[in-house]
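Q: Next comes the sequence, and after it the predicted model I'd like to discuss.
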4 protein chains.
Amino acid sequence: MNKNRLEAFSDGVLAIIITIMVLELKVPHDASYAALLPLWPVFLCYVLSFLYIGIYWNNHHHLLHAARRVTGAALWANLHLLFWLSLLPFVTGWMGENHFAPLPTALYGVVLLMAGAAYWILVHVLIAGEGTDSLLARAIGRDRKGTASVIIYAIAIPVAVIVQTPPFRNAVAWGHCVGG
Amino acid sequence: MNKNRLEAFSDGVLAIIITIMVLELKVPHDASYAALLPLWPVFLCYVLSFLYIGIYWNNHHHLLHAARRVTGAALWANLHLLFWLSLLPFVTGWMGENHFAPLPTALYGVVLLMAGAAYWILVHVLIAGEGTDSLLARAIGRDRKGTASVIIYAIAIPVAVIVQTPPFRNAVAWGHCVGG
Amino acid sequence: MNKNRLEAFSDGVLAIIITIMVLELKVPHDASYAALLPLWPVFLCYVLSFLYIGIYWNNHHHLLHAARRVTGAALWANLHLLFWLSLLPFVTGWMGENHFAPLPTALYGVVLLMAGAAYWILVHVLIAGEGTDSLLARAIGRDRKGTASVIIYAIAIPVAVIVQTPPFRNAVAWGHCVGG
Amino acid sequence: MNKNRLEAFSDGVLAIIITIMVLELKVPHDASYAALLPLWPVFLCYVLSFLYIGIYWNNHHHLLHAARRVTGAALWANLHLLFWLSLLPFVTGWMGENHFAPLPTALYGVVLLMAGAAYWILVHVLIAGEGTDSLLARAIGRDRKGTASVIIYAIAIPVAVIVQTPPFRNAVAWGHCVGG
């Protein structure tokens, strides 16, 4: 099985996800600053989600570049990842429209957490198909910076979800967005 | 005629179909569980249709991987398949919004049945273009698991359509979704 | 300049056009036949436009398969074709929602006419870039069936536009759709 | 790192941007000229933005054709360019719906300016990755017409933004659109 079509399909889905999120920025009827201003949280969330999809596309690119064989299990692990990422436009819109209210922000965190888990599964399904001494396994093993960022990420998301109680949330939502 | 562009076009259409279905998950205005809860049937249907498109993409990938020549007839058989699959976002949204009411669920079944028939036509058009002793014909012939799943599928859909009378429908709709 | 990226970009645009047209099929809120029935003209127009895009994709595929060099002028001739085709979802939705009323049907015809003209320009720009004794020029010249269908097409569209006066329109709209 | 997937992803995003802009042309409910007429500024803006995306795609095509190596920094410079272009459907819709009112037109100019800057960054990141005596650096250097148009462009946009005060704006908006 060649990996080109898997890449092409993933590129297509990611390109659509990254682009349809902008449809949540509903065109205001008025031409005034007053009409534009309420859109800033939606815009901020759009930037944040654009960055996340960009990071995933980037990592996906490197991951499949290193992989040599794509098994049937990897096709499904990849679809599983795309499924969680496809929910990002919905949770982005919900979080933006509600100015980082606890429930939408928590759901946004859950979707990111599931996407992170799906990516982890994809990595390990690909390695399982190639053997632990493959180029891919060694590339992942060597990639200290990648591993470190995955660990920080894995800690940050549950924390963000847990602290989404009203006293904490304004500060966290802001930090979550700016530091995304 | 090379098959790469047929694959690329099909990938594009399938990637868009799988992604625009999420637009049926309308962003609620409220940030409460009460606003999110009514979306569960739409979400369930989204998951179901995502799986179906995933299965079709997967099978399409294997089918064209085995094919060597793409005739003009195959281009049209492929467009015919994409046509029925392109109706999936509409029937998914209708079924989800109406909580698996008989008519939308029946129409969902009809669209799946027609897509299944279109896939069967595509397979046979491709085999007709290559001869019965081609790699493709042998790959399809050997593929017992695939054939078995197609037969089960072909039986399951008309049954699902027929039993869509009120007394049966709640149980069936549930089984149809969970066992999809 | 390689033609692969031109093909990939055109495939992407055509795949999106063919798929977003289905968004004009607005999901009805009711689960009854009465709610579904008013959608039939929109559905009929969707089928018609799907066929047209399919024909253009098919012809575009054959045309670029025969071409060897893509000039800067051809890039713009191709974008010009995609521009007119990108208006198809709009005119399809308008014609469908207004049950083949004269003005929307005439505008639909104008968009098809302009797309046909744009295709003709693209063919001649490509031939101009390769010389009249090139493979492409000979392929176009030999393609009697293609030429005949283009001529019939070129006659049919202005006729359809002209006869869009109330006394003629019901019969013509029907024939236009069914015989599309 | 191969550049094919970068091209494919960019093609996907640009194809979607160029196509979803047409969704801002909302289908009118009436079949009359009176219902169609108010759409002309939206249509004019659609044509303008279609041209801009076409120019970017064209330039992007030539740029990456000349590039041989794509670094990690170039992936992000490319995503940065796509980010600004992805805002074009929003500002196009806003400017069109408000008949070239000062604020939407200024925002449209800002998005184009940022996209122009992002393109400039991408060019220099690519050259930095290849060396100043590379094929790319020489192609960019030789490309007098390209450089001249970039300079004119860089002057025109801030001017358009600055003169967006009511006394100037009708004339400028018209010239901006027609001369786009």
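A: Perfect, I can see it now.
Q: Would you mind naming the helix or strand containing the residue nearest the centre of chain A?
A: By C-alpha atoms, centre = their mean, the mean C-alpha position of chain A lies nearest to A:Tyr52, the distance being 4.4 Å. Taking DSSP states H and E as the definition, A:Tyr52 sits inside helix A:40-66.
Q: and that helix with chain B, contact?
A: No. No part of helix A:40-66 sits near chain B under the criterion C-beta under 8 Å from any C-beta of the partner chain; the closest distance found is 9.9 Å. (C-beta placed from N, C-alpha, C; glycine too.)
Q: what's the angle from the helix or strand following that helix to helix A:40-66?
A: Downstream of helix A:40-66, the next assigned helix or strand under DSSP H and E is helix A:72-86. Put simply, helix A:72-86 runs at 170 degrees to helix A:40-66, going by axes from the mean of the first three to the mean of the last three C-alpha atoms, to 10 degrees.
Q: is chain B contacted by helix A:72-86?
A: Yes. Using C-beta under 8 Å from any C-beta, helix A:72-86 reaches chain B at A:Gly72, A:Leu75, A:Trp76, A:Leu79, A:Leu82, A:Phe83, A:Ser86.
Q: ok, is that helix in contact with chain D or not?
A: No. Helix A:72-86 lies out of reach of chain D by C-beta under 8 Å from any C-beta, never closer than 13.6 Å.
Q: What is whichever helix or strand comes after that helix packed up against?
A: The C-terminal neighbour of helix A:72-86 among helices and strands, as given by DSSP H and E, is helix A:88-97. Using 3 or more C-beta pairs under 8 Å, 6 or more residues apart in numbering or on different chains; DSSP states H and E, the elements in contact with helix A:88-97 are helix A:4-20, helix A:40-66, helix A:102-130.
Q: what's the angle between helix A:88-97 and helix B:40-66?
A: 150 degrees.
Q: Just the buried residues of stretch A:117-133, please?
A: A:Ala118, A:Tyr119, A:Ile121, A:Leu122, A:Val123, A:Val125, A:Leu126, A:Ile127, A:Gly129, A:Glu130 (16 or more other C-beta atoms under 10 Å in any protein chain shown).
Q: Columns distance to A:Leu44 and pLDDT on top of those residues, output as CSV?
A: Shown next, in CSV, are the buried residues of stretch A:117-133 (distance: C-beta to C-beta, whole Å; pLDDT from 0 to 100):
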residue, distance to A:Leu44, pLDDT
A:Ala118, 25, 92
A:Tyr119, 24, 92
A:Ile121, 30, 90
A:Leu122, 29, 92
A:Val123, 30, 89
A:Val125, 34, 89
A:Leu126, 34, 89
A:Ile127, 36, 86
A:Gly129, 40, 79
A:Glu130, 40, 78
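Q: ok, those vs B:Leu107, which is closest?
A: B:Leu107 lies nearest to A:Ala118 out of those, by C-beta to C-beta, at 31.6 Å.
Q: Residue ranges in chain A under the pLDDT threshold?
A: Judged by pLDDT under 70, chain A has its weakly predicted residues at A:1-2, A:132, A:138-180.
Q: got the residues of chain A near chain D?
A: A:7-8, A:11-12, A:14-16, A:18-20, A:22-23, A:25, A:27-33, A:36, A:47, A:50, A:54, A:57-58, A:61-62, A:65.
Q: Any of those buried? List them.
A: For those, buried by 16+ other C-beta under 10 Å: A:7-8, A:11-12, A:14-16, A:18-20, A:22, A:25, A:27-28, A:31, A:36, A:50, A:54, A:57, A:61-62.
Q: If we check chain C, which of those residues are in contact?
A: A:Gly12.
Q: Report how many residues lie close to A:Phe43.
A: 16 (other C-beta atoms under 10 Å in any protein chain shown).
Q: State the distance from it to chain C.
A: 24 Å (C-beta to the nearest C-beta, to the nearest Å).
Q: Spell out which residues sit in contact with the residue lying closest to that residue once chain neighbours are set aside, please.
A: Of all residues not flanking A:Phe43 in the chain, A:Leu25 sits nearest, at 6.4 Å (C-beta to C-beta, 6 or more residues apart in numbering or on different chains). Contact analysis of A:Leu25 by C-beta atoms under 8 Å, 6 or more residues apart in numbering or on different chains lists A:Leu39, A:Val42, A:Phe43, A:Tyr46, D:Leu87, D:Phe90.
Q: Now A:Leu25: phi and psi?
A: phi -80, psi 80 (degrees, to the nearest 10).
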